[in-house]
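Asks: After the sequence you'll find the predicted model.
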Amino acid sequence: MLPNPISRTYTRGMFRLAIAILIGIFLSGCGSDGEPSERQAGESPDNDKPHSSITATPTAFPTVTPTSEANAGRPSATAFAMPTASPLPPIGVLLQGSQTAVSAGQEAPFDLRLRLLRADVRVAGVQNDLDFSSGPLRITAKPNGAPDCTVNPTIDKGSTTFAFRPPGCAGKTCTGVRAIVFSTDNTDPVPDDSPLYTCNVAVAADAVEGTYRIEVTHVVVSDPNGKGIADVNSTAGLFFVHQGPLPTPAPLGNACRFPTDCQSSYCVDETCCASEWCGYGQSCHIFGHEGTCQEPGGVGARCARLTDCRGDLLCLPDGFCDHAPTPTATVTRTPRPTRTATATPYMAHLQVEVFETDSARSTALVGVRLTSDGPVAGVQNHLVLATTSAHFSISQGDQPDCAANPEIDKSGTAFRCLDPDCRRLGAIVFAFDNVDPIANGSVLYTCRIAMIDEPTTVEIAKPISASPQGQRIETNGHGITIDPADDSTSKAAPILH
């Protein structure tokens, strides 16, 4: 039978489109050595390539003004303000890692899902790396030594490949997997909300109970014409590891550690919540409203704990939110008098500083230093990362990797993440049994930040200080910018972290 010239022309056209996708993926995502190019926004080179030092450029006191061409355009910090970002193009593509509950010593699947966030975006090919270099997680291998990963058959990308990283690794020396999802004979776009592939993940038997991440990095996306798509973001896969059997999901308002502990799949403020996260200044663990997002109560609101009350109030022993009583004051409940907060005649200042950097791992250790014109016995503030790539590290368990300065003797100090990716962090520095003033100039605490692949501004928001008598102190917060391209040397850390 003679070949059909129309079919032959169509086949040649499809082949050229497939080659265009491959060229688009590799030219937009790889250098001459096959590694992702440094031109990709938000990416960092592999650890075997030279890195410039990660350094801190502190903001001025209280604002930042660029003083050289090298610093021009650098984000600045302004006291009493949340960070503001310049308008950015809307993200078009999101690669979304799955969230899974698993017992230590068991295996569980990891899915990577494609989300299209704009109607004009079409995706025909994807390349990304999965990083499991830290923690007790590991993608298992098939009998032939290849990663135990399988492409979703419904997207019809039959040329998809997986390989362990770094090249030539074996067993425990492998710290990641590279996935290339494409087809040489199908350039049709992948439908929105489609799983791209699934990998089998093993959890070490001695894993400590907590949250662990598989990072999704070095993402390169191409449309059906082989053109790279720049507006791409990704979220890590989360594994909520339990010691022993998995708990039965609980209803709203019950205590939780992980989203999978809840019927709603949302765990906010250690409470099963109706929302994935609460708005700024809200909590899902307010007395009488557990399970729904609410703002802390004002004067006269019922309370069971300090966080049930507005930031300038205390939860008094009678179960009501109010200002701290003075020795000569009498608190009357019926009728309730109108009260005005008493502020001290002096101010306090909180300054973010950088004490340690690790350019190979793209991490930094930051601390908050207190200076004041008068005595300060307690401090509360938020730390906010003004970038989409960096996040506060999670220690063993699900708490931020932060440490209080033992020299200030504030045993009630606590930290918690304020959003799912831990880009906002809440800190409260105090003690129930010690109202002695904190030494002026002391570092209050340090926190570690991960995935610093671009200039990252660390802001202080909602700063509040209190005197030993419980009076509110007007407090300023001053941020800092960590710039991977700056070669300055960071300070020595005053706290063993």
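Replies: The structure has been received and is ready for your questions. Numbers count the residues shown, from 1 in each chain.

Asks: from here on, contacts and neighbour counts on C-alpha atoms
Replies: OK.

Asks: mind checking how far residue 277 is from residue 160?
Replies: Remark: distance between residue 277 and residue 160 (CA to CA, to the nearest Å) = 35 Å.

Asks: Let me fix that, I meant to ask about residue 432.
Replies: Here the criterion is CA to CA. By it, residue 432 lies 58 Å from residue 160.

Asks: Looking at the two, which has the bigger crowd around it?
Replies: Using other CA atoms under 10 Å, the more surrounded residue of residue 432 and residue 160 is residue 160, with 20 against 9.

Asks: Quick check, the more buried one in contact with residue 179.
Replies: Yes: at 7.4 Å, residue 160 and residue 179 qualify as touching, with contact defined as CA atoms under 8 Å.

Asks: show me the biggest strand of the chain in terms of residues.
Replies: strand 343-358 (DSSP state E).

Asks: Which strands or helices does it pack on?
Replies: For strand 343-358, the packing partners by 3 or more CA pairs under 8 Å, 6 or more residues apart in numbering; DSSP states H and E come out as strand 55-58, strand 363-372, strand 456-466, strand 472-478, strand 480-483.

Asks: now the third one: mean pLDDT?
Replies: Summarised as a single mean, pLDDT over strand 456-466 is 90.

Asks: Same question for the fourth one.
Replies: pLDDT averaged over strand 472-478 equals 90, rounded to a whole number.

Asks: Go through that strand and flag the buried ones.
Replies: Under the neighbour-count criterion of 16 or more other CA atoms under 10 Å, strand 472-478 has 472, 473, 474, 475, 476, 477, 478 buried.

Asks: how far off strand 456-466 does that strand point, in degrees?
Replies: Angle, strand 472-478 to strand 456-466, by axes from the mean of the first three to the mean of the last three CA atoms, to 10 degrees: 170 degrees.

Asks: could you check the angle strand 343-358 makes with strand 472-478?
Replies: 30 degrees.

Asks: tell me what strand 472-478 is packed against?
Replies: strand 343-358, strand 456-466.

Asks: can you put these in a markdown table and add mean neighbour count and distance to residue 369?
Replies: Shown next, in a markdown table, are the helices and strands packed on strand 472-478 (neighbours: other CA atoms under 10 Å; distance: least, CA to CA, whole Å):
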| stretch | mean neighbour count | distance to residue 369 |
| --- | --- | --- |
| strand 343-358 | 20 | 5 |
| strand 456-466 | 25 | 11 |
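
Asks: Residue 250: which of the ones you listed is closest?
Replies: For residue 250, the closest of the helices and strands packed on strand 472-478 is strand 456-466, at 32.5 Å, according to CA to CA.

Asks: Helices of the stretch 201-350 of the chain, start to end?
Replies: All residues of the stretch 201-350 of the chain lie outside helices when identified by DSSP state H, counting those that start in this stretch.

Asks: low-confidence ranges in it?
Replies: For the stretch 201-350 of the chain, applying pLDDT under 70 flags the ranges 325-343.

Asks: So which residues of it form strands?
Replies: For the stretch 201-350 of the chain, the strands defined by DSSP state E, counting those that start in this stretch cover 210-222, 232-235, 237-242, 267-268, 271-272, 314-315, 321-322, 343-358.

Asks: could I get those as CSV with distance to residue 427?
Replies: Shown next, in CSV, are these (distance: least, CA to CA, whole Å):
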stretch, distance to residue 427
strand 210-222, 20
strand 232-235, 25
strand 237-242, 23
strand 267-268, 16
strand 271-272, 19
strand 314-315, 16
strand 321-322, 20
strand 343-358, 12
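
Asks: Share the number of residues neighbouring residue 318, please.
Replies: By other CA under 10 Å, 10 other residues sit near residue 318.

Asks: swap in residue 247?
Replies: Neighbour tally, residue 247, other CA under 10 Å: 12.

Asks: can you check residue 294 too?
Replies: Residue 294 has 18 nearby residues by other CA under 10 Å.

Asks: mind listing what it touches?
Replies: With contact taken as CA atoms under 8 Å, 6 or more residues apart in numbering, residue 294 is in contact with 278, 282, 283, 284, 286.

Asks: Not counting sequence-adjacent ones, nearest residue to the second one?
Replies: I take that to be residue 282. Once flanking residues are discounted, residue 282 sits nearest to residue 295: 4.3 Å by CA to CA, 6 or more residues apart in numbering.

Asks: And the first one, by the same measure?
Replies: Nearest residue to residue 278, sequence neighbours excluded (CA to CA, 6+ apart): residue 293, at 5.5 Å.

Asks: Let me know how buried the one you found is, in neighbour terms.
Replies: Applying other CA under 10 Å, we find 22 residues neighbouring residue 293.

Asks: go on, residue 208?
Replies: 16.

Asks: Could you check how far it is from residue 365?
Replies: According to CA to CA, residue 208 stands 23 Å off from residue 365.

Asks: Just the buried positions in stretch 160-171, please.
Replies: Buried, per 16+ other CA under 10 Å, within stretch 160-171: 160, 161, 162, 163, 164, 165, 166.

Asks: pretty sure the last one is touching residue 175, no?
Replies: Yes: here residue 166 lies in contact with residue 175, judged by CA under 8 Å, at a distance of 6.9 Å.

Asks: on that earlier part again, ok, the residue nearest to residue 282 - contacts?
Replies: Counted by CA under 8 Å, 6+ apart, residue 295 has contacts 281, 282, 283, 286, 310.

Asks: contacting residues for the closest residue to residue 387 other than its chain neighbours?
Replies: Using CA to CA, 6+ apart and skipping residues adjacent in sequence, the residue nearest residue 387 is residue 456, 6.1 Å away. Residue 456 is in contact with 385, 386, 387, 390, 481, 482, 483, counting by CA under 8 Å, 6+ apart.
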